[in-house]
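Visitor: have a look at this fold, sequence not included:
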């Protein structure tokens, strides 16, 4: 362990809902930050710098929501950096906070994520603007239709069926029932999934995520400071990767397939290399993956190195990714049951930290020592991956 290794001391998150009418944006931030500081047994005066994560400002309806929230997260008089990489924002911010510590620039960093999608009347109208404005916007793609293209490709070339997607949805909804912060608490069956409202073939309502208001916060500190705390999660490795902009350039080539995002593979490879992981399926104990659609989770199994290319469905068929399986994936319920977009990656990071600290409550994975957290943004363009551990080496 080096004294500049980054360690997670505490995590706080709000209850996620479609609309949080009881609070303003800054009050959501205050709620999450207060919980993170209490969880880490720290005070705002212990924080040296703040990284603020927020995706498109149109969701909040306020220009520069970091400025709006400055007093709520105790940023007055402190260095503040805002990070925005679409849906991957929370994951990018978490890794940025860790790097600020590892560089020796700061000892203790607060990372905050906020999103209020309820402030925009039509989130999909916003998402249509993320596609190539010359070649793709005229097709009127949005996130749902774009991911439906991925699912249809998985079905044609890799054996994906509605049964596979329904199993993943039920798994995640079952896990969410164990997580008091999840947005959706609902008992469902695989038949409920297959009979839910069609969105864009082959996707249905219960294959996808909700729109969620909420915030999250993580307190990180240096390895030297972490020695004074009994329960910490160590940042063992991190990776970022970005793919080309236009979807048409990612459909298929010698080393790429739209159904198996190569940029997630690149991000994971960097994180695994730094963490010394050579066999993720057998070395990792738990995964908190950013997968807002059930078919994406299956494709991500392959990108994360948990299954060979084109064989992610085998983990579904064996039940390996269920809570209690060989490699539990999103025991928290994941972003299929709570998706405050710009904060979602930070929630994945915080949930992974809770797992290796043994503090995840009813959705704790027994004996979890090594976890992977990912984030995704920009229609499979931006990815982050972070490996967290219960010990520094």
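Guide: It's in. What you are looking at is a predicted structure, and each value in this text was computed from that prediction instead of being measured. Residues are numbered from 1 along each chain as shown.
Visitor: what about the residue lying closest to residue 347 once chain neighbours are set aside, which SS state?
Guide: Once flanking residues are discounted, residue 347 sits nearest to residue 216: 4.9 Å by C-beta to C-beta, 6 or more residues apart in numbering. (Each C-beta comes from the backbone N, C-alpha and C, glycine too.) Classification of residue 216 using DSSP: H, G, I helix; E, B strand; the rest coil returns strand.
Visitor: contacting residues around residue 216?
Guide: For residue 216, the contacting residues are 11-14, 32, 36, 90, 112-113, 340, 343, 346-347, 350, by C-beta atoms under 8 Å, 6 or more residues apart in numbering.
Visitor: distance between the helix or strand where residue 219 lies and the chain's centre?
Guide: Here residue 219 sits within strand 213-222, counting by DSSP states H and E. Centroid separation for strand 213-222 versus its chain: 13 Å, with C-alpha atoms, centre = their mean, to the nearest Å.
Visitor: what mean pLDDT does it get?
Guide: Across strand 213-222, pLDDT averages out at 97.
Visitor: what's the answer for stretch 48-56, then?
Guide: The pLDDT scores in stretch 48-56 average 93.
Visitor: what sits opposite the residue nearest to residue 347 in the beta ladder?
Guide: residue 13, residue 113 (DSSP bridges).
Visitor: please apply the same query to the one 5 residues further on.
Guide: Beta bridges link residue 221 to residue 7, residue 108 when assigned by DSSP bridges.
Visitor: and it, how far is that from residue 34?
Guide: For residue 221, the distance to residue 34 equals 18 Å [C-beta to C-beta, to the nearest Å].
Visitor: what are the buried residues along the strand holding residue 219?
Guide: Residues of strand 213-222 classed as buried: 213, 214, 215, 216, 217, 218, 219, 220, 221, 222 (neighbour count, 16 or more other C-beta atoms under 10 Å).
Visitor: again with stretch 58-72
Guide: The neighbour-count check on stretch 58-72 (16+ other C-beta under 10 Å) flags 59, 60, 62, 65, 66, 68, 69, 70, 72 as buried.
Visitor: you'd agree the fifth one is in a helix?
Guide: Translated: residue 66. Yes. Counting by three-state DSSP, residue 66 is part of a helix.
Visitor: surely it and residue 54 touch.
Guide: Yes. The pair residue 66 / residue 54 is scored as a contact, 6.4 Å apart, by C-beta atoms under 8 Å.
Visitor: can you work out which residues contact both of the two?
Guide: By C-beta under 8 Å, 6+ apart, residue 66 and residue 54 have these common neighbours: residue 82.
Visitor: now residue 334: closest residue in space that isn't a chain neighbour?
Guide: With sequence-adjacent residues excluded and distances taken as C-beta to C-beta, 6+ apart, residue 334 is closest to residue 172, at 5.3 Å.
Visitor: and that neighbour, helix, strand or coil?
Guide: helix.
Visitor: which residues touch it?
Guide: Residues in contact with residue 172, defined by C-beta under 8 Å, 6+ apart, are 294, 297, 330, 333, 334, 336, 337.
Visitor: how close does the fourth one sit to residue 248?
Guide: Here residue 333 is placed at a distance of 34 Å from residue 248 (C-beta to C-beta).
Visitor: so if I had to pick from these two, which one is more boxed in?
Guide: Counted by other C-beta atoms under 10 Å, residue 333 and residue 248 do not tie: residue 333 has more neighbours, with 24 against 11.
Visitor: from what I can see that one touches residue 179, true?
Guide: Yes. Between residue 333 and residue 179 there is a contact under C-beta under 8 Å: 5.2 Å.
Visitor: between these two, which contacts overlap?
Guide: Counting by C-beta under 8 Å, 6+ apart, the shared contacts of residue 333 and residue 179 are residue 363.
Visitor: circling back to that earlier point, which one of the buried residues of stretch 58-72 is nearest to residue 27?
Guide: For those, the residue nearest residue 27 by C-beta to C-beta is residue 72; the value is 6.9 Å.
Visitor: ok, which pair from the buried residues of strand 213-222 is furthest apart?
Guide: 213 and 222, at 33.1 Å, using C-beta to C-beta across the buried residues of strand 213-222.
Visitor: make CSV from the buried residues of strand 213-222 and add distance to residue 355 to it.
Guide: Converted to CSV, the buried residues of strand 213-222 look like this (distance: C-beta to C-beta, whole Å):
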residue, distance to residue 355
213, 25
214, 20
215, 21
216, 15
217, 18
218, 14
219, 17
220, 16
221, 19
222, 22
